[in-house]
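**Q** any chance you can model this:
(2 chains)
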2 protein chains.
Amino acid sequence: MNNIAVSTRVRFARNLKRYPFVGCMNLSQREELISLVKTALEKAAPGVFEYYPMNELSDIKAAMLVEEKLISHELDKDSGFVAISHDRTSSIMLGEEDHLRICNILPGLALGETLSSADKIDDILDQRLDYAFDENLGFLTNCPTNLGTGMRASVILHLPALEKAEFIPVITGSIGKLGLTVRGSYGEGTKVSGALYSISNQVTLGISEIESVSKLDTVVNQIMEREESARERMRKNDRYEDEIFRNYGIMRYARVMPLDEFMELSSWLRLGAPIMGISERDIDRLTVMASPAHLCGDTILSPEEINKKRADVVREFLGKGKI
Amino acid sequence: MNNIAVSTRVRFARNLKRYPFVGCMNLSQREELISLVKTALEKAAPGVFEYYPMNELSDIKAAMLVEEKLISHELDKDSGFVAISHDRTSSIMLGEEDHLRICNILPGLALGETLSSADKIDDILDQRLDYAFDENLGFLTNCPTNLGTGMRASVILHLPALEKAEFIPVITGSIGKLGLTVRGSYGEGTKVSGALYSISNQVTLGISEIESVSKLDTVVNQIMEREESARERMRKNDRYEDEIFRNYGIMRYARVMPLDEFMELSSWLRLGAPIMGISERDIDRLTVMASPAHLCGDTILSPEEINKKRADVVREFLGKGKI
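**A** Next up, the predicted model:
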């Protein structure tokens, strides 16, 4: 059942005392902040991170980091800065909405592990930097919706069966009452594609990180159970295997594949992964590989070329299987 | 270019003097006729034919013969009789519209060869039976549209590119003026599917068999040239290969396949045969194998079972290839 979960992400929003919020910082303050963070990280975890000033990254490289969910669209292309661990599970953005955005991401459902990884980075920086913290409000953040823990934990779930059963609005309604929210897989304001939904905590004030994550874990498990039952019902349909295999056949042989179609087809593929003998994790990696910037790599490709290359990459990926 | 032609068929309508037309024959006259024909065939070509009284054939076996185009739907299920050569290229129906329907069928475009094969059978029977023939009207037939040569020659052409270019009505209009006609691949009154069109002579009076066949041959060659040019244009389309391969992918993996969809998909497969390294003749054989009665074989299957078995047969067929 855990294969329903694509990935788990935890991020902390942190700001430092004695600095204005991001939008009001001047150049020397920004440089000071970057230097403080680099020094802190290198002392506590030497060689673990790579550092990228955003203005030194090409648009494609920056977009690749967004596709890997290591940075957000909101990280400023000129003044932004990011530290990324070599294993690509941790990133620290400077110059997003807050001074610091500490992000950890792991495959599958791994809330405890992801939270503890993010906590470690947070502790390292907390010991060496002077966080803006208030007894009553908790961590002070640029946007009041992050006050308190400054934490957002999110789990991306693959919910094709619940989507087909038109059950997502029911979930959205009921988990809203618990201080949780459902979004597209690239976070706030992003559309849903490939039946990938991000479930995350909305409330950060008056609740501890542990409580918040534990509540999310319970709800995510309930949703996964419902998805599993809905899949069980789908499997009883005479045309179920036929649909899985037809979509597989198109993926296996298409020469041109737009992103929207890829998301739709790969959702079928992920659903049918057990029948196909393909691992869901591999399909999730394929989804990143088939994203526009990853397809471009070092060269700028036209939209048509991207759609052709996506079909090539998918064919090569599936061609390795034995079906 | 010859791969555009699926098969060539020539049939002669013949009636015997001293017998009333089929609808007015009594049982003993029918039996006499069957006996005359069997004797004539066995004397001239011993062991070449198998003989089937229609009332001894199951509905499925009869339908299989229709699918192979060895008999027509119109052959009476009770009183009809058919002689079929072991190589399944010749059949003689008794008790269809006329006393005798001599039919020969060969793969591809082979008008000369098919005509001469049918002629041989016709000569054998002519020598031993007393054909109803009139100096002015030629062979006398039940339906006046067959008077004269009593011959219909038809070529089944696969015209997906001309169909897509909406050029078929133009062809239908222009060849009508030449005494030729365009029909569905199972002959008069049958609908077109899989872009398979039967081109045949309409006129039998005031023209010799040779003239008729030669005119048909010329026109068929012209249509094939036009189809070839239209295919050339299709191939220049960016999405051409993609469409071929997607349809191939669905055929290769579907678990359920209704007949209409099979005809549509196999039309794409036949068009893309050169790319796929599959021979058009093999695809034409698959089309017969994927027909309902052939799928049933010795057992009666439900429509759902037939659609599943069709998908199995197609998968097995394509699985032998290397793509």
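**Q** A:Arg239 and B:Val256 touch, don't they?
**A** Yes. Shown here, A:Arg239 and B:Val256 form a contact pair, counting by C-beta atoms under 8 Å, at 6.2 Å. No exception for glycine: its C-beta is placed from N, CA and C like everyone else's.
**Q** okay, these two: which has more neighbours?
**A** B:Val256 (19 against 11; other C-beta atoms under 10 Å in any protein chain shown).
**Q** looking at the stretch 101-250 of chain A, which residue is nearest chain B?
**A** A:Gly249 (3.3 Å; C-beta to the nearest C-beta).
**Q** next, count neighbours for that residue.
**A** 23.
**Q** do A:Val182 as well
**A** Residues near A:Val182, counting by other C-beta under 10 Å: 19.
**Q** now do the contacts for it.
**A** Contact analysis of A:Val182 by C-beta atoms under 8 Å, 6 or more residues apart in numbering or on different chains lists A:Ile168, A:Ile171, A:Thr172, A:Ile175, A:Tyr197, A:Ser198, A:Ile199.
**Q** so what's A:Glu280 closest to, chain neighbours aside?
**A** A:Asn3 (4.3 Å; C-beta to C-beta, 6 or more residues apart in numbering or on different chains).
**Q** next, count neighbours for the one you found.
**A** Neighbours around A:Asn3, by other C-beta under 10 Å: 18.
**Q** A:Arg255 too?
**A** Count around A:Arg255 with other C-beta under 10 Å applied: 18.
**Q** just checking, it touches A:Lys309?
**A** No. Using C-beta under 8 Å, A:Arg255 makes no contact with A:Lys309, being 10.7 Å away.
**Q** distance from the helix or strand hosting A:Val314 to the middle of the chain?
**A** Per DSSP states H and E: A:Val314 is located in helix A:303-319. Centroid separation for helix A:303-319 versus its chain: 23 Å, with C-alpha atoms, centre = their mean, to the nearest Å.
**Q** stretch A:230-245: how far from the chain's middle?
**A** 29 Å.
**Q** find the nearest non-adjacent residue to A:Val203, please.
**A** Leaving out its chain neighbours, the residue that sits closest to A:Val203 by C-beta to C-beta, 6+ apart is A:Gly179, at 3.7 Å.
**Q** and the one you found, how many neighbours?
**A** 17.
**Q** kindly report the same for A:Ala40.
**A** 18.
**Q** could you check how far it is from A:Arg235?
**A** 51 Å (C-beta to C-beta, to the nearest Å).
**Q** would you mind measuring from the residue nearest to A:Val203 to A:Arg11?
**A** Remark: distance between A:Gly179 and A:Arg11 (C-beta to C-beta) = 17 Å.
**Q** A:Ala153 in helix, strand or coil?
**A** When classified by DSSP: H, G, I helix; E, B strand; the rest coil, A:Ala153 comes out as strand.
**Q** Provide the strand pairings for the strand of greatest length in chain A, with the direction of each partner.
**A** When chain A is parsed with DSSP state E, its longest strand is strand A:5-14. Partners of strand A:5-14 in the sheet, by DSSP bridges, are strand A:100-107 (antiparallel), strand A:151-158 (antiparallel).
**Q** mean neighbour count, the ones you listed: which tops it?
**A** strand A:151-158 (a mean of 26; mean count of other C-beta atoms under 10 Å in any protein chain shown).
**Q** what lies in contact with that strand?
**A** A:4-13, A:109, A:111, A:114-115, A:146, A:183, A:185, A:187, A:194-201, A:204, A:209, A:212-213, A:216, A:220, A:223-224, A:227, A:267, A:270-271, A:280.
**Q** let's have the contacts of A:Val182 in a markdown table, adding secondary structure and neighbour count.
**A** Listed next are these as a markdown table, based on DSSP: H, G, I helix; E, B strand; the rest coil; neighbours: other C-beta atoms under 10 Å in any protein chain shown:
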| residue | secondary structure | neighbour count |
| --- | --- | --- |
| A:Ile168 | helix | 17 |
| A:Ile171 | helix | 21 |
| A:Thr172 | helix | 15 |
| A:Ile175 | helix | 22 |
| A:Tyr197 | strand | 24 |
| A:Ser198 | strand | 23 |
| A:Ile199 | strand | 23 |
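**Q** rebuild the strands paired with strand A:5-14 as TSV, extending it with mean pLDDT.
**A** Shown next, in TSV, are the strands paired with strand A:5-14 (pLDDT from 0 to 100):
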stretch	mean pLDDT
strand A:100-107	96
strand A:151-158	96
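**Q** which one of these lies nearest to A:Leu137?
**A** strand A:151-158 (14.1 Å; C-beta to C-beta).
**Q** buried set for the helix or strand just after the closest one?
**A** Using DSSP H and E, the helix or strand that follows strand A:151-158 in sequence is helix A:160-164. Using 16 or more other C-beta atoms under 10 Å in any protein chain shown as the test for burial, helix A:160-164 gives A:Pro160, A:Ala161, A:Leu162, A:Glu163.
**Q** burial of A:Glu31, as a residue count?
**A** 14.
**Q** now the angle between strand A:151-158 and the longest helix belonging to chain A, please.
**A** If you go by DSSP state H, chain A has its longest helix at helix A:209-236. For helix A:209-236 against strand A:151-158, the angle by axes from the mean of the first three to the mean of the last three C-alpha atoms, to 10 degrees is 10 degrees.
**Q** distance from helix A:209-236 to the middle of the chain?
**A** Offset of helix A:209-236 from its chain centre (C-alpha atoms, centre = their mean): 18 Å.
**Q** what sits up against the helix or strand just after it?
**A** Moving toward the C-terminus from helix A:209-236, the next helix or strand (DSSP H and E) is helix A:240-253. With contact meaning C-beta under 8 Å, 6+ apart, helix A:240-253 is reached by A:234, A:257, A:265-266, A:268-269, A:271-272, A:275-276, A:314-315, A:318-319, A:323, B:245-246, B:248-256, B:311.
**Q** buried among those residues? Make that a ChimeraX selection.
**A** In ChimeraX syntax, the buried subset of the contacts of helix A:240-253 is picked out as below (16+ other C-beta under 10 Å):
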select /A:234,257,265,266,268,269,271,272,276,314,315,318 /B:245,246,248,249,250,251,252,253,254,255,256,311
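**Q** any idea which residue is closest to the centre of chain A?
**A** A:Lys69 (4.6 Å; C-alpha atoms, centre = their mean).
**Q** confirm that that residue sits in a helix.
**A** No. Looking at A:Lys69 with three-state DSSP, it is coil, so not inside a helix.
**Q** that one and A:Thr8 touch, don't they?
**A** No. Using C-beta under 8 Å, A:Lys69 is not in contact with A:Thr8; the gap is 10.9 Å.
**Q** report the set of residues contacting both of the two.
**A** With C-beta under 8 Å, 6+ apart as the test, A:Lys69 and A:Thr8 both reach A:Ile105.
**Q** ok, A:Thr114 - contacts?
**A** Going by C-beta under 8 Å, 6+ apart, A:Thr114 touches A:Thr8, A:Arg9, A:Val10, A:Asn104, A:Ile105, A:Leu106, A:Ala153.
**Q** hang on, the first one packs against A:Leu106?
**A** It refers to A:Thr8. Yes. Between A:Thr8 and A:Leu106 there is a contact at 5.4 Å, judged by C-beta under 8 Å.
**Q** between these two, what contacts are shared?
**A** Residues touching both A:Thr8 and A:Leu106 (C-beta under 8 Å, 6+ apart): A:Glu113, A:Thr114.
**Q** got the phi and psi for the residue sitting furthest away from the middle of chain A?
**A** Computed with C-alpha atoms, centre = their mean, the residue of chain A farthest from its C-alpha average is A:Asp238, at 35.0 Å. Backbone geometry at A:Asp238, expressed as degrees, to the nearest 10, gives phi -50, psi -30.
**Q** thanks a lot, see you next time.
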